[in-house]
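**Q** below: sequence and its predicted model.
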Amino acid sequence: MFKINYDALGIATSLACAIHCAILPLVLTSLPVLGVNIIHNIPFEYGMICLALAIGSYSLFHGYRKHHHKILPLFIFFSGISFLFLKQVWHDHQVWFLAPAVVSIVGAHWLNYRYCKKANHCHQEDCNHAELI
């Protein structure tokens with residue numbers, strides 16, 4: 001059976017967002033020559049943030065509910081997403097919001113992954129995680 005590792009997908013999405021934010025200024029200089037204008041494309045930026053929010057929330061909530069029952073990764077993740085939204089609000093200071101956003105989001109997925117690996121006993125007959133909820 002094919003199984004998706006949502007933490008890996010969340011990390012990949014966060015890294016794709018970081019690469020997008022790092023490379024976009026380089027690509028922007030050549031796009032007007034090609035007749036494409038994506039400067040300050042607000043719907044695209046919010047779409048990327050919402051995609052990271054949806055995948056990350058699902059991944060981290062799944063790890064919390066089914067495996068480790070620790071809220072810290074969720075708190076760190078939503079702090080990072082908040083920085084991404086603040087980056088959109090204050091464009092002049094977006095570099096200062098982007099770095100902690102990426103570190104927080106990737107760190108939350110990494111922490112969730114580690115917590116899930118430590119809780120590898122879950123879904124065994126002797127697992128008592130249902131009592132912790």
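**A** Received, thanks. Numbers count the residues shown, from 1 in each chain.

**Q** please work out the average pLDDT along stretch 24-43.
**A** Mean per-residue pLDDT for stretch 24-43: 71.

**Q** need the next SSE after the helix or strand hosting S57, C-terminal direction.
**A** S57 is part of helix 42-63 when elements are defined by DSSP states H and E. Sequence order places helix 72-89 as the next helix or strand after helix 42-63, per DSSP H and E.

**Q** for this structure, longest helix please?
**A** Ranked by residue count and defined by DSSP state H, the top helix of the chain is helix 94-118.

**Q** so the helix holding S57 versus helix 72-89, what angle?
**A** 170 degrees (axes from the mean of the first three to the mean of the last three CA atoms, to 10 degrees).

**Q** show me the contacts for A8.
**A** 109, 113 (CB atoms under 8 Å, 6 or more residues apart in numbering). (C-beta placed from N, C-alpha, C; glycine too.)

**Q** cutoff 6 Å now
**A** A8 makes contact with no residue, according to CB atoms under 6 Å, 6 or more residues apart in numbering.

**Q** roughly how far does it sit from L53?
**A** Applying CB to CB, to the nearest Å, the value for A8 to L53 is 17 Å.

**Q** same question for F97.
**A** F97 is 15 Å from L53, by CB to CB.

**Q** quick revisit: what comes up buried for the longest helix of the chain?
**A** 94, 97-98, 100-102, 104-109, 111-113, 115-116 (16 or more other CB atoms under 10 Å).

**Q** do the same with stretch 72-90
**A** So, applying 16+ other CB under 10 Å, buried residues of stretch 72-90: 73-74, 76-78, 80-81, 83-84, 86-87.

**Q** now those in TSV, with pLDDT?
**A** TSV is the format used below for the buried residues of stretch 72-90 (pLDDT from 0 to 100):
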residue	pLDDT
P73	93
L74	93
I76	95
F77	95
F78	96
G80	95
I81	95
F83	95
L84	92
L86	94
K87	92
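
**Q** lowest-pLDDT helix or strand in this protein?
**A** Sorted by mean pLDDT, DSSP states H and E, the helices and strands of the chain end with helix 129-132, the least confident at a mean of 46.

**Q** and the contacts of the helix holding S57?
**A** Counting by CB under 6 Å, 6+ apart, 6-7, 9-10, 13, 17, 73-74, 77, 81, 84, 88, 112, 116 sit against helix 42-63.
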